[in-house]
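Participant: Make a model of this:
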Amino acid sequence: MSDAKWRPVLIDVATPEKAIHDADVCDVWLSFYVFELIPSPEYGERLLRIAHQMLTPGGLALIQITYSDGRWSTRPRRRSYRSGLASMTTYRIDEFWAIAERCGFIPATIELVPRNELDERYAYFLLTRP
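Facilitator: All right, here's what the predicted structure looks like:
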């Protein structure tokens with residue numbers, strides 16, 4: 001049995017970078033059903049930079065996104081946040097991969113889930129911090 005400690009880190013939407021100073025460094029950073037709810041892909045890049053800074057060298061980030069399959073209806077929205085929250089932000093697979101690299105991560109693997117009982121177009125990225 002492991003003695004690993006689990007502690008969620010709540011991030012203030014208005015000032016997400018504050019979490020870097022409010023929390024300890026960590027070995028694993030998990031994010032499920034978050035990136036699709038944020039207001040824009042640019043905000044998602046801010047969150048990835050925060051994750052990178054919070055992780056120890058060799059740390060892992062497992063992040064779920066909703067991906068765009070190229071159709072207009074699956075692109076990120078730039079309006080109607082209140083009515084379209086569940087699919088507000090999407091990324092092309094190659095776009096999220098490039099953002100992760102730009103933030104200093106090494107993408108290790110990706111698992112695509114085109115459809116399941118909850119929704120469709122999920123991608124799970126496993127990223128490492130060198």
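Participant: Show me the shaky parts of the protein.
Facilitator: Counting by pLDDT under 70, the chain has low-confidence residues at 1-2, 4, 72, 74-87.
Participant: which residue ranges form the helices in it?
Facilitator: Assigned by DSSP state H, the helices in the chain fall at 18-22, 41-54, 93-102.
Participant: So which of these is the most surrounded?
Facilitator: Ranked by mean neighbour count under mean count of other Cβ atoms under 10 Å, these are led by helix 41-54, which reaches a mean of 18. In this view, the C-beta of every residue, glycine as well, is placed from N, C-alpha and C.
Participant: what helices or strands is that helix leaning on?
Facilitator: Judged by 3 or more Cβ pairs under 8 Å, 6 or more residues apart in numbering; DSSP states H and E, helix 41-54 is in contact with helix 18-22, strand 26-31, strand 55-66, helix 93-102.
Participant: Ok, which of the ones you listed comes nearest residue 122?
Facilitator: The minimum distance between residue 122 and the helices and strands packed on helix 41-54 falls on strand 55-66, with 5.9 Å, by Cβ to Cβ.
Participant: Could you write out the alpha-carbon coordinates of the closest one in CSV?
Facilitator: C-alpha atoms of strand 55-66 as CSV (Å, rounded to 0.1, in the frame of the first residue of the first chain):
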residue,chain,number,x,y,z
LEU,A,55,5.2,19.5,-11.6
THR,A,56,8.5,18.2,-10.4
PRO,A,57,11.0,17.2,-13.0
GLY,A,58,9.9,13.8,-14.3
GLY,A,59,6.3,14.5,-13.2
LEU,A,60,3.3,13.4,-15.3
ALA,A,61,0.2,15.3,-16.4
LEU,A,62,-2.8,13.3,-17.6
ILE,A,63,-5.2,15.7,-19.3
GLN,A,64,-8.5,15.0,-21.0
ILE,A,65,-9.7,17.3,-23.7
THR,A,66,-12.5,17.3,-26.2
